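> the following comprises the amino acid sequence and a computationally predicted model.
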Amino acid sequence: MNLITVVISILAVTALLTLYRVIVGPTAWDRLIAVNLISSKVVSIMVASALLFKRSIYMDVALVYAVIGFVSTVAISKYLEREGRKDK
């Protein structure tokens with residue numbers, strides 16, 4: 001077992017632990033941050049897999065996934081911000 005495999009395993013375990021915050025999170029903001037963190041961990045796993053398997057296509061997929069994760073986080077946060085204003 002080499003170092004990259006250990007890193008992938010640790011990232012996968014911490015992503016699963018972060019899933020607890022997505023399910024239990026007391027507020028929508030906590031859930032949003034947890035989903036963003038899981039997205040970042042998945043991108044890191046993709047990059048580590050690209051290094052492990054020596055496939056550059058995984059880097060392209062990781063880049064697209066990172067952009068989609070960022071855009072969705074911004075869109076959801078804007079939605080949550082507007083919903084908070086309606087309550088007041």
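Thanks, I have it.
> any idea which helix or strand carries the nearest residue to Gly25 once chain neighbours are set aside?
Of all residues not flanking Gly25 in the chain, Arg31 sits nearest, at 4.2 Å (CB to CB, 6 or more residues apart in numbering). Glycine gets a C-beta too; all of them are placed from N, C-alpha and C. Following DSSP states H and E, one finds Arg31 within helix 28-53.
> returning to that earlier point: just confirm the residue nearest to Gly25 contacts Val24, I think it does.
No - counting by CB atoms under 8 Å, Arg31 stays clear of Val24, with 9.0 Å between them.
> who's more crowded, the two?
More neighbours surround Arg31 than the other of Arg31 and Val24, with 17 against 10 (other CB atoms under 10 Å).
> how far away is the more buried one from Tyr65?
Separation of Arg31 from Tyr65 (CB to CB, to the nearest Å) stands at 19 Å.
> name the residues that touch stretch 59-71?
36, 39-40, 42-43, 46-47, 50 (CB atoms under 8 Å, 6 or more residues apart in numbering).
> and for stretch 15-22?
The contact list for stretch 15-22, computed with CB under 8 Å, 6+ apart, reads 30-31, 33-35, 37-38, 41-42, 45.
> the same query, at a cut-off of 6 Å, please.
For stretch 15-22, contacts defined as CB atoms under 6 Å, 6 or more residues apart in numbering pick out 31, 34-35, 37-38, 41.
> biggest separation within those residues, which pair?
Greatest spatial distance in the contacts of stretch 15-22: Arg31 and Lys41, 15.6 Å, computed using CB to CB.
> could you check the pLDDT of Lys86?
The confidence metric pLDDT takes the value 67 at Lys86.
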